[in-house]
Structures are given as structure tokens and as C-alpha cells.
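Enquirer: 3D, please:
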Amino acid sequence: MAFNHKNIIVGAARLFLGDTSSQALPDYTGIQNDESLTRGFLDSDGEAVAGWTDLGLTTGGVEVTYAPDFGEVEVDQYLDTAYMYKQRQTVTVGTTLAEATLENLIFAWGQNKDTTLLAPADVTDDLPGEEQRVIISGGALGDEPEERALAFIGKAPRTGTTRKERLYYLERVLSVESSAHSLSRSDATTIPVSLRCLPNSDDTSGTVEYGFIVQRTLTAATP
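Expert: A predicted model of the protein is given here:
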């Protein structure tokens, strides 16, 4: 493969969180070739469409990790492994949310917004001026993690002067790792998120997959 600097990608992604696992992607009817798929996640007021939440600004980018684990078979006659087989694999996504909203905090802690984010009318000991309250759930033995869908859109390698973008869609993501944030005099409060991705089986075809990556062409741009 010849050297091509246009295959180098630089640029942040835009993240959107689905309310539930296997959340259907937005309807992209009417989106033109010169418009990013980001537009499908936003309504006319710039707010996320029903079923999706805009996670807002991030810092440090979005890291996608694909980690296969292979077993090895050794035999007496070889000094090295004679055979390898896949015995396990994991897919994870990590980012740091730069907007320290209560909704982002609930997401990082793997809690359900509908049951842990309360309005004053839902509590009896309101503080003056209280607008929202997050219940730090104690959980129960046997609790299952909250599953959601995740989509993020970023740049893709160009072809000539033609711009491209990639849409990553993961059907089942869970926040099951520890998360810590600080309140500091001179540093912004950010919320790190580490997501475990699980495969989702297709009942009709019998296939098992995590989601997909779509690459599409945008309008030609000045190089």
C-alpha cells in the first residue's frame, strides 16, 4: 500500500446514548450527501431526538478497544505454540465526559435515569430552590446492569478531496467499571466512562454481533 496522508484521521467524535439496548437509529430520511449523520440525532431545536441523549463535549477523545483472547496448544516436538484458538474476546469503549451534568453522572454510574433522577415533587424534604435530585442507588443482590445503545460519529479517511465520516453503532453497552470525578479549584470536573460492549444475537439469522461501523461519503471539500 502506497503512502497516503489522507488516510490519517484527526478530529473528535460526537456521542449519542440510546435509552435502551438495541435502540433503533434515527430516521435519516431527507439528509443530503453534504450533511453529517449527526443531523439525524437532532431535532430542529438542536436537541437529541426521542430515544437518544446527546452526551455533549468530551475530552481525550473516544477509545475503542477490541481485545481477543487466544488459547494455546503446546506439543513436545515444538518449542513454540503448535495451535491457537480463540477462547474469549471483549469490546470496550472509553471516553471522558466534559459536561458534568447529572444525566452524564447517572450514565457513568450505570443507573437508570427514570428511577434515580427525581424532580422536587417526587421527594418530601425539598431543599430551597432544588430542581433535580439523584438518588445514589444502593442496589440489591442480583441486580443486572443497565443496558443502553451507543452511537458516535467521527471522521474517516478521505478519497482525494472527498470528505467521509464513520458512524459507530453498538447495540448493548454497560457501564460496569468504577468511575471517579473530582471537584478541584483549578481543574474542570470531568466524568470518565468505561463501557463494556456485549454482543446481541439475531433471532432470524442466528448471527451474533456487537453492532457495526458505517462509512459514507460527504460532499467534496477543498483539500
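
Enquirer: which intervals of the chain have sub-threshold pLDDT?
Expert: The chain contains residues with pLDDT under 70 at 1, 120-125, 202-206, 220-223.

Enquirer: just give me the residue right at the centre of it.
Expert: Here the mean C-alpha position of the chain is nearest to the C-alpha of L150 (CA atoms, centre = their mean), at a distance of 4.1 Å.

Enquirer: that one: helix or strand, and which one exactly?
Expert: Per DSSP states H and E, L150 falls inside strand 148-159.

Enquirer: what are the pairing partners of that strand, and which direction each?
Expert: Note on strand 148-159: by DSSP bridges, its sheet partners are strand 14-18 (antiparallel), strand 162-175 (antiparallel).

Enquirer: among these, which comes closest to N33?
Expert: strand 162-175 (10.0 Å; CB to CB). Placement of C-beta: from N, CA and C, glycine included.

Enquirer: and the closest one, which residues are buried?
Expert: By 16 or more other CB atoms under 10 Å, the buried positions in strand 162-175 come out as 163, 165-175.

Enquirer: among the residues you listed, which pair sits farthest apart?
Expert: Taking CB to CB as the measure, the buried residues of strand 162-175 span a maximum distance of 33.4 Å, between R163 and L174.

Enquirer: now the strands for the chain?
Expert: Along the chain, the stretches classed as strands by DSSP state E are 14-18, 52-54, 58-73, 83-97, 117-118, 133-134, 148-159, 162-175, 191-197, 200-201, 208-209, 211-220.

Enquirer: pick the most deeply packed of the ones you listed.
Expert: Highest mean neighbour count of these: strand 14-18, a mean of 23 (counted as mean count of other CB atoms under 10 Å).

Enquirer: need the residues that contact it.
Expert: Residues outside strand 14-18 that contact it (CB atoms under 8 Å, 6 or more residues apart in numbering): 38, 41, 48, 51-55, 58, 62, 95, 107, 148-154.

Enquirer: using PDB, list the CA coordinates for that strand.
Expert: Presented in PDB, the C-alpha positions along strand 14-18 are these (Å, rounded to 0.1, in the frame of the first residue of the first chain):
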ATOM      1  CA  ARG A  14     -20.000  13.200  18.600                       C
ATOM      2  CA  LEU A  15     -21.600  10.800  21.000                       C
ATOM      3  CA  PHE A  16     -25.300   9.800  21.400                       C
ATOM      4  CA  LEU A  17     -26.700   7.400  24.000                       C
ATOM      5  CA  GLY A  18     -29.700   5.300  23.400                       C
END
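
Enquirer: quick one: contacts for the residue nearest to the centre of the chain?
Expert: For L150, the contacting residues are 15-18, 93, 168-170, 173, 195, by CB under 8 Å, 6+ apart.

Enquirer: how about those in CSV, adding distance to V134?
Expert: Converted to CSV, the contacts of L150 look like this (distance: CB to CB, whole Å):
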residue, distance to V134
L15, 21
F16, 21
L17, 17
G18, 20
V93, 23
Y168, 28
Y169, 28
L170, 25
V173, 20
L195, 20
